[in-house]
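Participant: take a look and give me a structure for this.
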Amino acid sequence: LQSAKRIIFDSGLIALLITIILSYFIASGITGPIRQVTDVSKRMSEGDFNQRVEVKSDDEIGQLSSMFNQMAVELKNNIQRTELERAKLNTIFNQMLEGVVAVDKFGNIIHINEKGRDLFGVNGDMPLSEIELPLKTLGLNSVNFQNPFTLAGESDFVLNDKNYRILYAPFEDKDLNVGGVIAVYQDMTKERKLEDMRREFVANVSHELKTPITSIKSYAETLMKYPVDDETAKNFLTVIDNESDRMAHIVRDLLILTTLDYKTEEKKLSPVSINELSHSAVERMRLMAKEKNMSIYEHYEDSLSVLADEEDLLQVIINLISNAVKYTPEGGVINVSTSTDGRYNYVSVSDNGVGIKPEDQKRIFDRFYRVEKSRSRALGGTGLGLAIAKEMVNSMNGDIKVESDGRNGSTFTLKFKAVEDNGEA
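Facilitator: Numbers count the residues shown, from 1 in each chain. Below you'll find the model as predicted:
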């Protein structure tokens, strides 16, 4: 009996030991893969998406490991696609000519491109969390996140003496909850300046045409309604003729400017001698100068040529000499000269007339701008001659500038790249 008990006890002990060992291996087969999945998940949460779980069986644990690996591959691919899209968007934003700023509904800056940083004076290395730009500073005064009707629109904004147009709109999440506002800043300074110039130009044209029209109408009505003697009638008709000529000059100059403004084809340039053109211009203006008892002196360097349109350049030089004659008192002196520095050739027209003040020199080439309006009109000027000259010179890749101390005459200088007679620079 004692022996039987001993056998039963040993058998039970062996069975228990076997059970424990089997349980350990079975548990290890279950918890091991789970522990590995846990470790891999932790490393993936830290940004390492190259980790994989080893698949050791085809049972449920093996299927779980396979699905986990598949999920890891898809997750890595999705993140790579997201990063690529983000990189493309950042490149687009940073290459935009407009400033772009995104603000969340709490007023925090969550995105600003390089142009936006330049616009608001934000250091390029400053983190978004440290940027403080209130809505008022951004020109978004009307935006109120409690009122959805204020979250989209456009407005004008002036910053650092520049004009901007702001286009702004809200952005939303997938549940259509407003996350904030994106604003785009378009620099409209040039457009506003052109618009102001257009308005000023239209006003000047209206004024310039109104004056001769009024004179013509007044004298014509007088001739029709009231009897006048022959001498008075002749004087009235002379005024009408002069004012008609003035209107014709204005219209002619406007047509020239319009042609220069809207010419789509580049002007065909050829080598021309600035010495010969300058001399030709002087000869054409010598009679006009003689009527005012003025002297024109010529000083030319040998064989200077430039690429230009011969007729246009001749007209420009004639215009400069004509102005010198008009605005220089009787008995004055005009000097027409050419020179070179090897790289550029120059044509200069100098006089000892009334001069041009520094503040007037900035606008002397503007359309309808006159230094002395009443005197210019009395001399028959339209205020368009220098504007036409500048446009013509620019169309020939040249430059024109004026120098004067405001008291002792003026010097207008044309600058063109020097070329040989065969056209080589």
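Participant: tell me how far N77 lies from G385.
Facilitator: In this view, N77 and G385 are 70 Å apart by CB to CB, to the nearest Å. Placement of C-beta: from N, CA and C, glycine included.
Participant: and if you look at I356?
Facilitator: With distances defined as CB to CB, the gap from I356 to G385 amounts to 14 Å.
Participant: three-state assignment of the residue nearest to P212 when sequence neighbours are not counted?
Facilitator: The spatial neighbour of P212 that comes closest, neighbours along the chain excluded (CB to CB, 6 or more residues apart in numbering), is E243 at 3.8 Å. Following DSSP: H, G, I helix; E, B strand; the rest coil, we place E243 in the helix state.
Participant: what pLDDT does the model give E243?
Facilitator: Reported pLDDT at E243 in the predicted model: 83.
Participant: who are the contact partners of it?
Facilitator: Contacts for E243 were tallied using CB atoms under 8 Å, 6 or more residues apart in numbering; they are P212, I213, S215, I216.
Participant: helices and strands around the helix or strand hosting L22, which ones?
Facilitator: L22 is part of helix 2-45, with elements assigned from DSSP states H and E. Helix 2-45 sits against helix 60-95, with contacts defined as 3 or more CB pairs under 8 Å, 6 or more residues apart in numbering; DSSP states H and E.
Participant: residues of the helix it packs on that come out buried?
Facilitator: For helix 60-95, the neighbour count (16 or more other CB atoms under 10 Å) marks I61, S65, F68, N69, A72, F93 as buried.
Participant: quick one: that helix to chain centroid distance?
Facilitator: For helix 60-95, the distance from its own C-alpha centre to the chain's C-alpha centre is 40 Å (CA atoms, centre = their mean, to the nearest Å).
Participant: hmm, who's touching stretch 36-53?
Facilitator: So stretch 36-53 is in contact with P33, E54, L64, S65, F68, N69, A72, L75, K76, I79, going by CB under 8 Å, 6+ apart.
Participant: now do the SS call for V53.
Facilitator: coil.
Participant: look up how far Y327 lies from it.
Facilitator: Using CB to CB, we find V53 at a distance of 93 Å from Y327.
Participant: before we move on, back to that, turn the buried residues of helix 60-95 into a markdown table, including distance to L260 and pLDDT.
Facilitator: Formatted as a markdown table, the buried residues of helix 60-95 follow (distance: CB to CB, whole Å; pLDDT from 0 to 100):
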| residue | distance to L260 | pLDDT |
| --- | --- | --- |
| I61 | 84 | 69 |
| S65 | 78 | 74 |
| F68 | 74 | 77 |
| N69 | 72 | 78 |
| A72 | 68 | 80 |
| F93 | 39 | 76 |
